[in-house]
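> Show me how the following folds:
(one chain, ligands or ions: 3)
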Amino acid sequence: MTISQRYQLSLTLLTDMYQLTMAQGYWKKGLAEQEAVFHLYFRKNPFKGGYTVCAGLADALDLLQNFKFTEGDLTYLKALTGSQGQPLFEEGFLQHLRDLTFTCDVDAIPEGTVVFPNEPLLRIKGPILQCQLLETPLLTILNFQTLVATKAARVVEAAQGDPVLEFGMRRAQGPDGALSAARAAFIGGVAATSNVLAGQLFNIPVKGTHAHSWVMSFEEEQESFAAYAEVFPHDSVFLVDTYHTLEGIQKAIEVAREMRKNGAELKGIRLDSGDLAYLSIEGRRMLDEAGFSQVAILASNDLDEYLIESLKLQGAKIDTWGIGTKLVTAYDQPALGGVYKLAALRQPNGEWEYKVKLSEQLAKISTPGILQVRRFSKEGALVGDMIYSEPLGISPAVTMVHPNDPTQRKNFTQECVHEDLLVPVFKAGEQVYTSPDLRAIQQRTKEQLQLLHGTYRRFLNPHLYKVGLEEQLHEKKLALIVQLRTTAQTKGA
Ligand SMILES: Nc1ncnc2c1ncn2[C@@H]1O[C@H](COP(=O)(O)OP(=O)(O)OP(=O)(O)O)[C@@H](O)[C@H]1O
Ligand SMILES: O=P(O)(O)OC[C@H]1O[C@H](OP(=O)(O)OP(=O)(O)O)[C@H](O)[C@@H]1O
Ligand SMILES: O=C(O)c1cccnc1
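Ligands and ions are numbered 1, 2, ... in the order given. Here you go, the predicted model:
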């Protein structure tokens, strides 16, 4: 199910106010139809990591597909007033919005692809008024889902093949935060979610155990386990830490014995506090000695990739990981920081004028052009990504320049194979791409991460994957920066 179906309302007003005031400005100045190119990209991998997993495209496409101002939207806009009490939006502009249909070309990197800083995840080309209105919704969708998919991929990597369950809804950033996070976490590789609505909407597996309240609602802990087993003889995972974990495990074993007599097997126990390494090792020993080696140990309690890594190093005997807060809120970095920048404007003579946004820091200066990302691989491993501008092409030397240090260059040799990452998703307003189902996207994430050497995937000081600007693009960008700075100086003098 897509985002517009989820809300069953028009999402066209899901934008910042200033996009609409600028839109009226473009319309009033006769610039609404001027063709523009914008790119959506981020500047730093999240979590001090070496890679990012892009996600959210299906929801973004749905938003574009349904980009239409309804009468309700227009009535609302008509009632908005400025500081003098005057209507903010003119009738003619509202009529322009009423008649608006989406006509842009959009190219995007498929979900589940491993991406890196400065690479456009999405490129939109079309009338500037349309591109402008879409900035904020595209950012809110792609920033969050990309962030959570990346966090999930890291957690899944730390779990080394053990299943990871997403338990975060109760501490997510509201209902949509929980749903979007469940979707993105699945793309990142989690096996299931506890969020039942996410299961229904996205057709992903749902799983769960039981809460402390279940145990507390009975006089005796053992009685609570036995009762649960009666209701779910083949699907019981007992939470054993309500009172005293090791005693709780002993009681779980007693109930498991009774279950076995009745032809049922206990599925697992869950640890949710205390020293998870010690308790899982002890728990495993107790279960094995009692003849219950099939009973899995699930652990939860404020876990993330670092704690999982540490628990593994400590020899913890945990089979399944329940991860909530730290995953769905991307706790250690709550925003990706993706941006959306104007990169070219069509001039009346038909030529593209390249645009850059200046900054004191070279790293923050946007890249002009109509950009594409060429990814080079050798022997099944990624070796570097080159950002190039389609009208400029790629020079025969196939050389890229480090975006922040022009003295560093890299040539791609004949042995490399390459692919261009941005694929057409809309042509002249018509959707030309169908999103794969979520399982296929999850599989893509898995395959993509395997193409990335472990040195880029480790959590501590990962290697920096090489992303550069094609040399002609680099020269063009440099010339534009010099030109803009010279003009600014002349004006200032
Ligand atoms: N062996 C371990 N090594 C490192 N961290 C651990 C280990 N075992 C548990 N932790 C983590 O330590 C943190 C604190 O756990 P602990 O159970 O002591 O406190 P708590 O969450 O306040 O417990 P409670 O739910 O009983 O109040 C949790 O994030 C938990 O995942
Ligand atoms: O720790 P997280 O990674 O966020 O995982 C989700 C947490 O939510 C539940 O606790 P909560 O205390 O809300 O309810 P409970 O009584 O069922 O344990 C569960 O027991 C986990 O500890
Ligand atoms: O099913 C569980 O064990 C669960 C679900 C949500 C949050 N914490 C635990």
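> In the stretch 1-150 of the chain, which residue sits closest to ligand 3?
Val148 (16.5 Å; Cβ to the nearest ligand atom). Any C-beta I mention is one placed from the backbone N, CA and C, and that applies to glycine too.
> Ok, the stretch 151-300 of the chain next?
Gly208 (3.0 Å).
> dump the residue contacts of that residue.
Contact analysis of Gly208 by Cβ atoms under 8 Å, 6 or more residues apart in numbering lists Leu165, Ser194.
> Need the pLDDT of the residue of the stretch 1-150 of the chain closest to ligand 3.
Val148 is assigned a predicted lDDT (pLDDT) of 99.
> do Gln8 as well
69.
> And the one 4 residues further on, by the same measure?
As predicted, Thr12 sits at a pLDDT of 96.
> Does it touch Phe67 like I think?
Yes. In this structure, Thr12 is within contact of Phe67 by Cβ atoms under 8 Å, at 6.0 Å.
> For the residue lying closest to Leu40 once chain neighbours are set aside, list the residues it contacts.
Among residues not flanking Leu40 along the chain, Leu122 sits closest, at 4.3 Å (Cβ to Cβ, 6 or more residues apart in numbering). Contacts for Leu122 (Cβ under 8 Å, 6+ apart) come out as His39, Leu40, Leu57, Ala60, Val106, Asp107, Ala108, Ile109, Leu138, Leu142, Leu422.
> quick one on the thing from earlier: I'd like to know how far the residue of the stretch 151-300 of the chain closest to ligand 3 sits from ligand 2.
Distance from Gly208 to ligand 2, counting by Cβ to the nearest ligand atom, to the nearest Å: 10 Å.
> ditto for Ser180
17 Å.
> Which secondary structure element is home to Gln222?
For Gln222, the element it lies in under DSSP states H and E is helix 221-231.
> Quick check: residues of this protein near ligand 3?
Phe167, Ser194, Gly208, Thr209, Arg270, Ser300, Gly322, Gly324 (Cβ under 6 Å from any ligand atom).
> Nearest to Leu311, out of those residues: which one, please.
Ser300 (11.9 Å; Cβ to Cβ).
> can you give me the strands for the stretch 251-400 of the chain?
Here the stretch 251-400 of the chain has its strands, by DSSP state E, counting those that start in this stretch, at 268-271, 296-299, 320-323, 339-346, 352-354, 371-378, 381-389, 399-401.
> Test my guess that the residue of the stretch 1-150 of the chain closest to ligand 3 contacts Gly189.
No. Val148 lies out of contact with Gly189 (Cβ under 8 Å); the separation is 11.5 Å.
> in the stretch 201-350 of the chain, what residue is nearest ligand 2?
For the stretch 201-350 of the chain, Cβ to the nearest ligand atom, closest residue to ligand 2: Gly324, 2.7 Å.
> List the contacts of that residue.
Glu166, Phe167, Gly168, Met169, Arg170, Arg171, Ser300.
> who are the neighbours in contact with the second one?
Think Phe167. Phe167 touches Thr193, Ser194, Ser300, Gly322, Ile323, Gly324, counting by Cβ under 8 Å, 6+ apart.
> Alright, I will stop here.
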